[in-house]
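compute the structure for the input listed below.
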Amino acid sequence: MLGGTVIYTLFIKYKKIYYFLILLMLSGHVHSTYILEDRIEPGEDIKFSWTRDGNPNAIFTFRFEILIDGETVPISGFSGNGFEGGQDFIPVGKGASFKFVAPKGATDWQQTIILPQDPPGPGGEFPKRESFVIGGNIISNSPFAFHPLDELPNTIHHIPDLAPSGQGGPGITIYTAVNLDLYIANNPLGFNDGNWIVGDTLSSLGLEIIDGQIAGLEGIVWSLTPFEFDPNSVWGFVPEGGNLNLLNSVDFGSVPIEIVQRHIGQNIPEPGILFLILCGLMCLYRIHVGKQWYNNSRVLGS
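Next up is the predicted model:
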């Protein structure tokens, strides 16, 4: 209590200094937290992890939140080895929304959505279709290098998950690599300036992937094999086995390539603790000024 009184007294006496400090805090001491939102529909599964420098073994412990359809209270917790599982704990017939909070030091993320085949294949089995996406804050420093995710712009960005259509589509994986810095700077909403929804196909949008890319879309590339980080490459990521494995829409013949889900990412600014303290002192000062004005008004009116 005594310490608080001393701080408040000093604030009243040297308020101009505190004004300066507040401006200083506003200009340079606000940090950000990167958050990625995902979703799965009934029957789907998800795997997710935050990583560093493209290393799948450098997995962080992180916070996450899950909102199950029909439930009013989110399930939240911590993950020590990446998050895995959807239908393991989500009630049958329900989808779920996920909010993954990046820990300090994370430079990239990896996510897989596993989808059933519809209808089932011969013998009743369900060949799995998967969409695997990696997103990293990589910047061409000659060569490319990873940077923390919380250094990205505070811009909402939407990233599509692609997979072969479930209507007879092959049970294979489409791999996606996203240079988040380039993607956010040029086309943060994805295809057609964001005019797409889950369930659309590339053909229905008039789009085609040629040699891993869609014309006019920067910072995102697709492949039939997993991506590896190559600091001296054109995009920063290269498919295992070389560029011959870059995806082409014609590889799937008459089977449409479908948008099966959407990632929504953003850096959320958060004020530092000192800034919050100074804001509180500002409020106390305004209250003090208000009381003085009120008391002076009463004296003048009497």
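
who's in contact with the residue nearest to Gly199 when sequence neighbours are not counted?
Nearest non-adjacent residue to Gly199, counting by C-beta to C-beta, 6 or more residues apart in numbering: Ile259, 6.7 Å away. For the C-beta atoms, the positions are set from N, CA and C on the backbone; glycine is no exception. The contact partners of Ile259, taken as C-beta atoms under 8 Å, 6 or more residues apart in numbering, are 160-162, 196-202.

equivalent analysis for Glu37, please.
Glu37 is in contact with 97-100, 263-265, counting by C-beta under 8 Å, 6+ apart.

do His158 as well
His158 sits next to 188-190, 194, 262-264 when contact means C-beta under 8 Å, 6+ apart.

closest to Asn248 among these?
Of all the contacts of His158, Gly190 has the smallest distance to Asn248: 19.5 Å, by C-beta to C-beta.

surely that closest one touches Asp200?
No - applying C-beta atoms under 8 Å, one finds Gly190 not in contact with Asp200, separated by 10.9 Å.

neighbours around Glu240, how many?
Here the count is done by other C-beta atoms under 10 Å, and Glu240 has 12 residues near it.

got the confidence number for it?
In this prediction, Glu240 carries a pLDDT score of 95.

that one: what's it in contact with?
225-228.

now do the helices in this protein.
2-13, 15-28, 180-186, 273-301 (DSSP state H).

need the contacts of Ile259 in TSV (columns: neighbour count, distance to Thr176 and pLDDT).
Formatted as TSV, the contacts of Ile259 follow (neighbours: other C-beta atoms under 10 Å; distance: C-beta to C-beta, whole Å; pLDDT from 0 to 100):
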residue	neighbour count	distance to Thr176	pLDDT
Pro160	22	8	96
Asp161	23	7	95
Leu162	20	7	95
Trp196	20	15	97
Ile197	10	18	96
Val198	13	15	95
Gly199	10	18	93
Asp200	19	16	96
Thr201	15	16	95
Leu202	20	13	96
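
mind putting the residues you listed into JSON lines with distance to Val250?
Listed next are those as JSON lines, based on distance: C-beta to C-beta, whole Å:
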{"residue": "Pro160", "distance to Val250": "19"}
{"residue": "Asp161", "distance to Val250": "21"}
{"residue": "Leu162", "distance to Val250": "15"}
{"residue": "Trp196", "distance to Val250": "21"}
{"residue": "Ile197", "distance to Val250": "24"}
{"residue": "Val198", "distance to Val250": "24"}
{"residue": "Gly199", "distance to Val250": "22"}
{"residue": "Asp200", "distance to Val250": "19"}
{"residue": "Thr201", "distance to Val250": "14"}
{"residue": "Leu202", "distance to Val250": "11"}
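
which parts of stretch 49-66 are buried?
Buried residues in stretch 49-66, counted by 16 or more other C-beta atoms under 10 Å: 49-52, 54, 59-60, 62, 64, 66.

between the residues you listed, which sits nearest Asp150?
Nearest to Asp150 among those is Trp50, at 11.4 Å by C-beta to C-beta.

now the closest one: closest residue in space that isn't a chain neighbour?
Trp50's closest residue in space is Ala106 (C-beta to C-beta, 6+ apart), at 4.0 Å.

what of Ile214?
That would be Leu207: by C-beta to C-beta, 6+ apart, it lies 5.5 Å from Ile214.

so how far is Trp222 from that neighbour?
11 Å (C-beta to C-beta, to the nearest Å).

just Pro256 next, same as before
Pro256 sits 15 Å away from Trp222, going by C-beta to C-beta.

higher neighbour count, the two?
More neighbours surround Trp222 than the other of Pro256 and Trp222, with 22 against 18 (other C-beta under 10 Å).

roughly how far apart are Lys94 and Ile264?
In this view, Lys94 and Ile264 are 20 Å apart by C-beta to C-beta.

re the thing from before, adding pLDDT and distance to Asn137, write the buried residues of stretch 49-66 out as TSV.
Formatted as TSV, those follow (pLDDT from 0 to 100; distance: C-beta to C-beta, whole Å):
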residue	pLDDT	distance to Asn137
Ser49	90	16
Trp50	91	12
Thr51	91	12
Arg52	92	11
Gly54	84	11
Ile59	74	17
Phe60	74	15
Phe62	78	16
Phe64	78	20
Ile66	81	25
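
out of those residues, list just those in strands.
Members of the buried residues of stretch 49-66 lying in strands (criterion: DSSP state E): 49-51, 62, 64, 66.

in CSV, list the residues you listed along with distance to Asn243.
Listed next are those as CSV, based on distance: C-beta to C-beta, whole Å:
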residue, distance to Asn243
Ser49, 26
Trp50, 28
Thr51, 24
Phe62, 33
Phe64, 35
Ile66, 38
